[in-house]
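In: this one's structure only:
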Ligand SMILES: CC(C)(COP(=O)(O)OP(=O)(O)OC[C@H]1O[C@@H](n2cnc3c(N)ncnc32)[C@H](O)[C@@H]1OP(=O)(O)O)[C@@H](O)C(=O)NCCC(=O)NCCSC(=O)/C(=C/c1ccccc1)CC(=O)O
């Protein structure tokens, strides 16, 4: 399988598994990945996902430029039927952690930008290199990178295709943590299990409020967050959270 999938302790681990091609995405990987995102979104046992690449060198280098067949259908037909591939299937309120274990380039960086937490190994490199291969960072990179790091750095990366190091990515806030390669999955698991131990509906509401609120005027975002709080107020899990606190024990959340 070009994409590994395993669920443990409410965490889905998704591993791009073509290290010989720097985990570039061929059509089979894209289909596999999309199936896994649908599973993450629909399986109530899964509360959070971790996306990584196999091997020591690369997270993902985007489209497999050697294994992508020429189009057989015009883009308008595909776009108006399915939208853009890959990233839409990741749009969900369960959090996704990108554990970036090496090159995150082209569509690989764009996928990482669609994740909620980005942590990186010290050998990682980040770039939107599509201009070098006569394409465009069309998986939302042109929109998300300038909103994620300083505009001047984003424009340099977009226009020149230059890569930045893990240290620079940390400095610009593109990633939250940089660790030694052998520590990366431990840290990803630590964050994922922390998220999985919190109340799943609260976690999803927090993500929804933060993501949708970004595009709202501040007062609308505040009102929206009040409504979400109201939605959560009567959940069984909120009662359990308060009761467990009073009883000095760990809560047992069920997502109801
Ligand atoms: C990442 C690199 C700088 C690493 O260089 P290095 O010298 O360390 O390693 P290589 O020898 O180059 O790589 C080893 C091996 O892997 C193959 N490889 C690596 N990346 C790809 C790839 N993307 N496609 C196919 N094959 C790849 C490489 O050929 C070697 O194979 P071998 O010779 O051993 O058989 C360097 O690898 C590099 O620069 N890679 C390319 C990165 C890149 O340009 N990515 C952008 C691709 S375009 C894209 O992602 C798009 C996304 C998209 C947008 C909109 C909608 C859908 C998708 C644009 C698009 O598709 O048009």
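Out: Looks like it came in fine. Here the structure is a predicted model, which is why all the values come from computation and not from measurement. Numbers count the residues shown, from 1 in each chain.
In: what is the burial count for residue 126?
Out: For residue 126, the neighbour count with other CB atoms under 10 Å is 28. Every C-beta, even on glycine, is put in place using the N, C-alpha and C of the backbone.
In: any part of the helix or strand hosting it near the ligand?
Out: Element membership of residue 126 [criterion: DSSP states H and E] is strand 125-127. No: against the ligand, strand 125-127 shows no contacts by CB under 6 Å from any ligand atom, the least distance being 7.4 Å.
In: how far away is residue 186 from residue 80?
Out: Relative to residue 80, residue 186 is positioned 44 Å away (CB to CB, to the nearest Å).
In: and if you look at residue 107?
Out: Taking CB to CB as the measure, residue 107 falls 21 Å from residue 80.
In: give me the more crowded residue out of those two.
Out: Legend: neighbour count by other CB under 10 Å for residue 107 and residue 80, higher for residue 107 (27 against 9).
In: residues in contact with the more buried one?
Out: 25, 60-63, 86, 137, 139 (CB atoms under 8 Å, 6 or more residues apart in numbering).
In: which of those residues fall within helices?
Out: Among the contacts of residue 107, no member is found in helices (DSSP state H).
In: as CSV, these with distance to the ligand would be great.
Out: Output for those, formatted as CSV (distance: CB to the nearest ligand atom, whole Å):
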residue, distance to the ligand
25, 8
60, 8
61, 4
62, 2
63, 3
86, 6
137, 6
139, 5
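In: ok now the following helix or strand past the strand holding residue 126, how far from the chain's centre?
Out: Counting by DSSP H and E, the next helix or strand C-terminal to strand 125-127 is helix 141-148. Offset of helix 141-148 from its chain centre (CA atoms, centre = their mean, to the nearest Å): 14 Å.
In: contact partners of stretch 180-187?
Out: 50, 52, 56, 99-101, 119-123, 177, 179.
In: residue 85: what's its closest spatial neighbour, skipping adjacent residues?
Out: Once flanking residues are discounted, residue 85 sits nearest to residue 30: 5.7 Å by CB to CB, 6 or more residues apart in numbering.
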